[in-house]
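Trainee: give the three-dimensional model of this entry:
(chains A, B and C)
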Amino acid sequence: MADLELRAISKRFNSHAVLHDISLKVADGAFTILLGPSGCGKSTLLRVIAGLEPQTAGEVLIGGRSVDALSPADRDIAMVFQHYALYPHLSVRENLAFGLAMRKTPRNVIEERIAETAHLLDISPLLDRKPKDLSGGQRQRVAMGRAMVRKPKLFLFDEPLSNLDAQLRTNTRIELKKLQQRLGVTMIYVTHDQVEAMTLGDVIVVMERGRIRQADPPHETYLRPADPFVAGFIGTPPMNLWAGTLDRRPGGWIFRRGGLEVPVPPLRTDLSGHTDADVILGVRPEDIRIEPTAEPSVRLEAAIDVSEDLGADQILHCSVMDERIIVRVSQRPPIPAGRRLSLSVPQDKWHLFHENRRLN
Amino acid sequence: MAQRLLLACGIALTVAGSLAPFLWFALTSFKTQAEVEAVPPLWWPSGGWHFYRVALFDHHLLAYVANSVIVAGSTTMLALAIGIPAAYVLARVKLPGKAWFLGGLLTVSMFPQMAIAGPVWRLLADVQGLNTHWGLVLPYVTFSLPIVVWILASFFRELPAELEEAARVDGCTTWQTLTKIMLPLAAPGIFTAAILTFIYAWNEFFFALLILTQPGKQTLPLGIALFQGEFTIPWGELAAASVLATLPLVLMVLLFQRWIISGLSAGAVKG
Amino acid sequence: MMKSALRALSADHAAAWWMLVPALVFTFTLAVYPVIASFILSLYRIILSMPALGEPFVGLENYAELLRDPTARQAFLVTAGFVALSTTLELILGLCIALVIHAQFPGRGWVRAAALIPWVIPTAVASQMWRYIFNDQYGLANLLLFGDRVAEYVPWFASPGVAFLIMVLADVWKTSSFAALLILAGLQLIPDELYEAARIDGAGLWQRFWHITLPLLRPALLLALLFRTMDSFRVFDLAFVMTQGGPGDATQVLQLYGYKAMFTEGRMGYGSAVSVSVFLAIFFLSLLYIRAIGSRLLERNA
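Mentor: Numbers count the residues shown, from 1 in each chain, chains lettered A, B, ... in the order given. Sure thing, here's the model as predicted:
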């Protein structure tokens, strides 16, 4: 086990830059998620860490030591691939043994490790089967086992659950979480699934177009997204975001968009000089109330255009003046479309951004 | 209905057209000398194995068979040993200029033999390679490489890249990745390439004619082409020899039809 | 730090290059170099039987002679005629065979194997076989056409035109199945849905063939056409074994003409000029081929 540090990693393919100046520290034993839409560079970053792609600039340090000159095999990492990459012509046992055998590990140690890993992952009965005779979930476990059996410093996962069906994905996710807690190993995990990211990660690194947008614990990322991209990317349905301007009024600041005026919450950043600044105001659908609250809040008169009943929750697509707003409520019986509502948003639930920075 | 009738006719014509001429030749090989010389020709033979005995023992056919086996066998081995690593690199490693090499190989497979005959003959004369089996194997290997490389490259390309990355993480060098992971997976492709190379070397005529002038060294096609009797062409013996030369190939086609077809159409390279 | 990352990678590249080396050595020594050497030889007058003449450099004189020589012109015409006729027939027959072996029916594997048999038979054997079939006394052709009327038996190979046609027939018989395989690969790429849609639209068997199969088969047909053209351009075995170029020069194809010039008459230089000419013709065709079909394959590797 070891910590990981990335120093100013850049990667370009020919003239096309896919990673810009990525710096990141991952603590020993942390479960770190690389999250982002497809094409954001998260898989490339993982492959740079693995040594499968050389970076164009920057440095990768594992356990405080630069590994740039080392081949993937010498970096003491293990990787779980998206399609598992189990060797089809080898049995499960041989698949597990392969990496150890390549390192000239003594026969008895290999046997021991395989037994231990197979027991841990509950795949002992499968050891003599070929990958093609395994179910998707079993293959996934074997792929994990192949990584674990080597006891590497660092585990790398490239969307390892994306090929499982929904039910299995949930189960495996929980198993994985348990496993990580038990082993206390350092894991880097690439995914585009925010549920996986929120549930598994100690830290979520949100990436977009080759840059890190935010690297924080899940609750922090959810509660205080660092910029409009993260705000819109994390959460289902996504946060309501409005572009508008900021005006100084006696007694505070006002967000304005068309005829809509919203008094904004206290800002952390000093905004003198920001009068008429272009800002983005956001609020999560689940933070909007449809009955009056005691907290200091902003009231908005809305009309429901479409109402979607999800069973437990209801998604209301509403108009406030000319703006669209999505509201998520748990209300029985469901509210039909056409109804007018008075929405209230607690002051501390607003998110305000200016030039890709958070203001509050 | 019309469609089924048409298909039935097509099948009958394909099978008959493909087999009938050779069957006639094969029938001849079982005739007696008198039946071979009968005018008008007779349909059915009654001579049994006479011509086979004559061909095998009086015309030393076994020596030709042995030469063909040696030449075709070593060509296949060597072409695979050289072609497999090349195909792997060309399919999987990002190298500058490799597209040129693949295109060049394709062109080489279409070289007219005469265009290289003179210099190859001189080259082999310089290294005492004329009238030797290895002297024939060298050009055979060269001209089977395009088939081998194209078939195997298209095969390697289909294998998932993740497997190689997993192997690299597991500590394999490029060579180990090839031998431990990719080769076992490419076995069907290798088998196909081996069959096609063997057929090519077994059947090749031009270089055999150029390089092997001593009867004791010659391969079957050469023996059959130059088959001479004292006065007339000994058709019965020739037919028997032809059947023997063709038999292994017919067996291969019957057994491995699927592989041969996939191999020929995969790289779309002529065998 | 960047350099070291590059070094780790280039060690792998070095190994990759080494794995290519044997194939490169073979290809250069026995294919590329000989072609260049042939071209150089073609610029000299080398007559093996007359070493006293030395080996003088004559520039393009051999090529000039090639253009003047009526035998060479005849060889070119025979070859061109052979290419045009055999390739056309092979494509048509190949398409028919491909349609048959593409259809679904029990025992299809056996029919495919049967269709492959002419292709797998050594050309030397096929040549002798057809020579026997068209034998003036013992041949199947005469038996089928004239039966017992021995007096009417035709010495087929005595007629230049007929001998040429027999050579074409033998080639068509032997290689149509190869064309069929290339076309079959194209047929397999046409989705069944299209035929079903056409049937719903009311297209009959012939219309489906004409409006769906044929247009979608164009790339495969082009591929087969170019392959067969290039390959039949270098025909040698058939002519050598079946007719030795005769009667007269009726079946003397270019490669046979070059072979005789070089190895029978010992005219190294002139024979090389013939070879280089054939090479250039085929090289030009293969460039066409790479442009038409290969580029797609090559891009994937680039």
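
Trainee: now the helices for chain A?
Mentor: Using DSSP state H, the helices of chain A run over A:42-50, A:92-102, A:107-121, A:136-148, A:166-183, A:194-200, A:218-223, A:228-233.

Trainee: next, count neighbours for residue 187.
Mentor: Using chain A. 24 (other Cβ atoms under 10 Å in any protein chain shown). C-beta here means a position set from N, CA and C on the backbone, and glycine is covered the same way.

Trainee: my question was about chain B, not that one.
Mentor: When neighbours are counted by other Cβ under 10 Å, B:Ala187 comes out with 11.

Trainee: quick check: which of the helices of chain A is nearest to chain B?
Mentor: Set against chain B and scored by Cβ to the nearest Cβ, the helices of chain A come closest in helix A:92-102, at 3.7 Å.

Trainee: chain center to that closest one, what's the gap?
Mentor: 31 Å (Cα atoms, centre = their mean, to the nearest Å).

Trainee: again with stretch C:229-236
Mentor: 3 Å.

Trainee: circling back to that earlier point, want to try CSV for the helices of chain A, with mean pLDDT and mean neighbour count as columns?
Mentor: Output for the helices of chain A, formatted as CSV (pLDDT from 0 to 100; neighbours: other Cβ atoms under 10 Å in any protein chain shown):
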stretch, mean pLDDT, mean neighbour count
helix A:42-50, 93, 23
helix A:92-102, 91, 22
helix A:107-121, 92, 16
helix A:136-148, 91, 22
helix A:166-183, 87, 15
helix A:194-200, 91, 19
helix A:218-223, 94, 17
helix A:228-233, 93, 23
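
Trainee: got the contact list for C:Asp136?
Mentor: C:142, C:153-158 (Cβ atoms under 8 Å, 6 or more residues apart in numbering or on different chains).

Trainee: no, scratch that, I was asking about A:Val205
Mentor: With Cβ under 8 Å, 6+ apart, A:Val205 has these contacts: A:24, A:32-35, A:212, A:214-215.

Trainee: who does it form a beta bridge with?
Mentor: A:Leu34, A:Ala215 (DSSP bridges).

Trainee: now the helices of chain A as JSON lines including distance to chain C?
Mentor: Shown next, in JSON lines, are those (distance: least, Cβ to the nearest Cβ, whole Å):
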{"stretch": "helix A:42-50", "distance to chain C": "9"}
{"stretch": "helix A:92-102", "distance to chain C": "16"}
{"stretch": "helix A:107-121", "distance to chain C": "26"}
{"stretch": "helix A:136-148", "distance to chain C": "22"}
{"stretch": "helix A:166-183", "distance to chain C": "29"}
{"stretch": "helix A:194-200", "distance to chain C": "29"}
{"stretch": "helix A:218-223", "distance to chain C": "31"}
{"stretch": "helix A:228-233", "distance to chain C": "30"}
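
Trainee: what's the closest of these to B:Leu196?
Mentor: The closest of those to B:Leu196 is helix A:92-102. By Cβ to Cβ, the value is 31.4 Å.

Trainee: what residues sit buried inside the helix or strand B:Tyr64 falls within?
Mentor: Assigned by DSSP states H and E, B:Tyr64 belongs to helix B:61-92. Neighbour counts over helix B:61-92 (16 or more other Cβ atoms under 10 Å in any protein chain shown) mark B:61, B:64-65, B:67-68, B:70-72, B:74-76, B:78-80, B:82-92 as buried.

Trainee: same check, this time on stretch B:28-35
Mentor: Quick answer for stretch B:28-35 (16+ other Cβ under 10 Å): B:28-32, B:35.

Trainee: so that stretch, near chain C or not?
Mentor: Yes. Using Cβ under 8 Å from any Cβ of the partner chain, stretch B:28-35 comes into contact with chain C via B:Thr28.

Trainee: got the CA coordinates for that stretch in CSV?
Mentor: Output of stretch B:28-35 as CSV, limited to C-alpha atoms (Å, rounded to 0.1, in the frame of the first residue of the first chain):
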residue,chain,number,x,y,z
THR,B,28,-8.0,-43.4,-65.8
SER,B,29,-5.6,-44.2,-63.0
PHE,B,30,-7.4,-47.4,-62.3
LYS,B,31,-7.5,-48.6,-66.0
THR,B,32,-5.2,-51.2,-67.6
GLN,B,33,-2.7,-50.1,-70.2
ALA,B,34,-5.0,-51.4,-73.0
GLU,B,35,-8.0,-49.5,-71.6
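
Trainee: which other residues reach it?
Mentor: Looking at what lies outside stretch B:28-35 - Cβ under 8 Å, 6+ apart - the contacts are B:36, B:42, B:45-52, B:235-236, B:239-240, B:242-243, C:132.

Trainee: ok, of these, which come out buried?
Mentor: Here, 16+ other Cβ under 10 Å leaves B:36, B:42, B:45, B:47, B:50-52, B:235-236, B:239-240, B:242-243, C:132 buried among these.

Trainee: flag the least confident of those.
Mentor: Taking the buried ones among the contacts of stretch B:28-35 together, the minimum pLDDT is found at B:Gly47 (77).

Trainee: quick check: the residue most central in space within chain C vs chain A, distance?
Mentor: Nearest to the mean C-alpha position of chain C, by Cα atoms, centre = their mean, lies C:Asp231 at 1.5 Å. C:Asp231 is 37 Å from chain A, where distance means Cβ to the nearest Cβ, to the nearest Å.

Trainee: tell me the pLDDT of that residue.
Mentor: 88.

Trainee: check contacts around A:Glu5.
Mentor: A:24-26, A:60-61, A:64 are the contacts of A:Glu5 under Cβ under 8 Å, 6+ apart.

Trainee: that one pairs with what?
Mentor: A:Lys25, A:Leu61.

Trainee: in JSON lines: the buried ones among the contacts of stretch B:28-35, plus distance to A:Glu196 and secondary structure.
Mentor: Output for those, formatted as JSON lines (distance: Cβ to Cβ, whole Å; DSSP: H, G, I helix; E, B strand; the rest coil):
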{"residue": "B:Val36", "distance to A:Glu196": "81", "secondary structure": "helix"}
{"residue": "B:Leu42", "distance to A:Glu196": "82", "secondary structure": "coil"}
{"residue": "B:Pro45", "distance to A:Glu196": "77", "secondary structure": "coil"}
{"residue": "B:Gly47", "distance to A:Glu196": "80", "secondary structure": "coil"}
{"residue": "B:His50", "distance to A:Glu196": "80", "secondary structure": "helix"}
{"residue": "B:Phe51", "distance to A:Glu196": "77", "secondary structure": "helix"}
{"residue": "B:Tyr52", "distance to A:Glu196": "73", "secondary structure": "helix"}
{"residue": "B:Trp235", "distance to A:Glu196": "78", "secondary structure": "helix"}
{"residue": "B:Gly236", "distance to A:Glu196": "78", "secondary structure": "helix"}
{"residue": "B:Ala239", "distance to A:Glu196": "73", "secondary structure": "helix"}
{"residue": "B:Ala240", "distance to A:Glu196": "73", "secondary structure": "helix"}
{"residue": "B:Ser242", "distance to A:Glu196": "68", "secondary structure": "helix"}
{"residue": "B:Val243", "distance to A:Glu196": "68", "secondary structure": "helix"}
{"residue": "C:Tyr132", "distance to A:Glu196": "75", "secondary structure": "helix"}
